Every structure is written in structure tokens, then in C-alpha cells.
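Asks: take this sequence and fold it.
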Amino acid sequence: MKQQFHHKKPASGFQHKHSLGQNFLTDTALLESLIDETGVGPQDHILEVGPGGGDMTRLLSARCRSVTAVEIDRDLIPILRVIMENAANFTLVEGDILRVNIPELMADKAPFHVVANIPYYLTTDLLTLLLQGNLPIRSINVMVQKEAAQRVLAAPSTPEYGPLAIRAQYYTQPRLARIVEAACFTPPPKVDSAFICLPWRETPAVAVKDEKRFFKIVGAAFALRRKTLCNNLISSFHMEREDALAWLNRAGLPENIRGEALTMQQFADLCNAEA
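Replies: Here you go, the predicted model:
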């Protein structure tokens, strides 16, 4: 039996909050096409971050096994409850996704997919949280500022390349699904957005002996971009220069290389070489 939804729009009496970065998408055809990109279906559990006015939530609920939505804006909670009241597969949680216990929340719905139209200010923190490798995630599908998408998809030796790109590409296979113009949102943001899909890899992109050490090295490499990798390692690992140079040599890296020039495999080689 097809679910019936109440089409109560947040626009009636609802004021979008600039402080929460609220820019909603309401175009059903566009939202359907974005969900198509995620590949989710009847057997899938969804964690939706920031359901907003519930436009994507309704479509996800109609397609998927369950939708668990986390919304920080208490003014949207009653609106979402009305819109989704006939959806038996929907769970609404009021809270900050960065403080919610995700493993506990999704304990009986694992593995799950993440779908989110997230505020720009939350992008790095949320992606870093989800890309820890300790959550049973099948894919992350997010609407982000176009510049943020470039940082996720970045290649070595580009200005956008950094820890976020490496973390994302280590655990997932990110791809740009669609550029979404600012005019598609209510209210329109100042820049265009991008919908990116990050399906989880069965195994990480490279083999490392110690993931914690691997990401510490990555963080050190980008600590000060103007410095060489050697100098950053000396600073972050409290090493003598000759020890840092010997470490680079064992990993097959030149003495004057900068962190942003390293490929994922070279970071792995550095991690797996004893310091």
C-alpha cells in the first residue's frame, strides 16, 4: 500500500535559520535524480542528516527499508512529525549529529547508508566523523559546497589536496554525481553545490600496518604546507633531522618532497617503513 504523506511545507510560518545553514531542496524531480545516484533501494537502511522540510525524507522513506533522520532544529520537529506521520519505517531524532551516538542509534539497522543535504559549516566535521572506519556504513551521499567536493575528490599536488581527500579516498571511492546550482535551493546559497557519492570500499585503498599511525603521518604532512615533509615529520614526531631523513629514505622518498605531493601509496609506504 502506498504511503500517504502530508505536504506541510516549512515555508508556512517557518523562518530559515542562517545560523544553521538551512538551504532546502524541494524539487521532487531533482531529489529523485539524486536518490537515483545513491543506488539505495528497498533493502537499505538510511541515516539522514538534516532532513529539513522532509522533501527528500519522504522520497527515501518510499524507496527504502527504513529512514532514521537526525534534525537539530526543534522548530522543524513538529513539521516533520506531521509530514511523516504515516510512514511506519521512519524514526525522527532531535539532536546534533556530531553528538549523537550513531552506533547506538543505528544498532539494529546496520549496515546503513548516509544521505544528507548538510550545512556548509558542518561538512568537514561530519565527513571526518563518518570516515573513521569504525561505523558500518555502506555509502555516504552528501550535498556540499562545490569547493568542499573538490577537497574530497582532490588529487596529489593540487591546492585542494589534504587530509580530507586522503581519508575519503582511503575508505571510499568518491565521485561527483551532480553540480546543483544555487538557484535550486530555498533560500539560495551564495555558491553552487555538489552532490557527491562515496561508496565504501570492501578494503581500504592501500594496505597499512597501523591506520592510526597512517593518519597521524597524513596530518603531520599537511601541518605546514610551506615546509618540507621532512620538517613536518621532525616537528610532529619530535625527531632528529637525520632520523627523519633516514625514514624518508627507507620509504623511497626524496629528502625535499612536500607532503602535498605524496600519493596515497607513498603515504602507506612511509607508514609501513619503521621510523
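Asks: point out where the stretch 151-275 of the chain drops to low pLDDT.
Replies: Applying pLDDT under 70 to the stretch 151-275 of the chain picks out residues 275.
Asks: and if we set it to 80?
Replies: Scanning the stretch 151-275 of the chain for pLDDT under 80 picks out the ranges 274-275.
Asks: where along it do the strands fall?
Replies: 175-180, 185-186, 193-199 (DSSP state E, counting those that start in this stretch).
Asks: the residue lying closest to Asn134 once chain neighbours are set aside and Ala116, how far apart?
Replies: Nearest non-adjacent residue to Asn134, counting by C-beta to C-beta, 6 or more residues apart in numbering: Pro103, 8.0 Å away. Yep, even glycine has a C-beta here, placed from its N, CA and C like the rest. For Pro103, the distance to Ala116 equals 18 Å [C-beta to C-beta, to the nearest Å].
Asks: and these two? which has more neighbours close in?
Replies: Between Pro103 and Ala116, Ala116 has the larger neighbour count (other C-beta atoms under 10 Å), namely 25 against 11.
Asks: got the buried residues for stretch 48-68?
Replies: For stretch 48-68, a neighbour-count test (16 or more other C-beta atoms under 10 Å) marks 48-61, 63-64, 66-68 as buried.
Asks: of these, which belong to strands?
Replies: Glu48, Val49, Ser66, Val67, Thr68 (DSSP state E).
Asks: just grab the bridge partners of the third one for me.
Replies: Here Ser66 shows beta-bridge partners His45, assigned using DSSP bridges.
Asks: tell me the contacts of it?
Replies: His45, Ile46, Asn89, Phe90, Thr91, Lys109 (C-beta atoms under 8 Å, 6 or more residues apart in numbering).
Asks: please redo it, this time with the cut-off set to 6 Å
Replies: Contact analysis of Ser66 by C-beta atoms under 6 Å, 6 or more residues apart in numbering lists His45, Asn89, Lys109.
Asks: the first one too?
Replies: Contacts for Glu48 (C-beta under 6 Å, 6+ apart) come out as Thr57, Val67, Ala69, Val115.
Asks: which residue sits closest to it in space, ignoring its chain neighbours?
Replies: Distance criterion C-beta to C-beta, 6+ apart; nearest residue to Glu48, sequence neighbours excluded, is Ala69 at 4.3 Å.
Asks: residue with max distance from the center of the protein?
Replies: Taking C-alpha atoms, centre = their mean as the measure, the residue most remote from the mean C-alpha position of the chain is Glu242, 38.4 Å away.
Asks: please tell me how far that residue sits from Tyr161.
Replies: The value you get for Glu242 to Tyr161, if C-beta to C-beta is used, is 29 Å.
Asks: those strands in the stretch 1-150 of the chain, which residues are they?
Replies: Under DSSP E, counting those that start in this stretch, the stretch 1-150 of the chain gives strands at 24-25, 45-49, 66-71, 90-94, 112-117, 137-145.
Asks: okay if I get those strands as CSV plus distance to Asp269 and mean pLDDT?
Replies: CSV is the format used below for those (distance: least, C-beta to C-beta, whole Å; pLDDT from 0 to 100):
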stretch, distance to Asp269, mean pLDDT
strand 24-25, 43, 80
strand 45-49, 35, 97
strand 66-71, 39, 97
strand 90-94, 42, 97
strand 112-117, 31, 95
strand 137-145, 27, 97
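Asks: please identify which of these is closest to Ala177.
Replies: Judged by C-beta to C-beta, the one of the strands of the stretch 1-150 of the chain that comes nearest to Ala177 is strand 137-145, at 7.7 Å.
Asks: against which helices or strands is that closest one packed?
Replies: Applying 3 or more C-beta pairs under 6 Å, 6 or more residues apart in numbering; DSSP states H and E, we find strand 137-145 packed against strand 112-117, strand 193-199.
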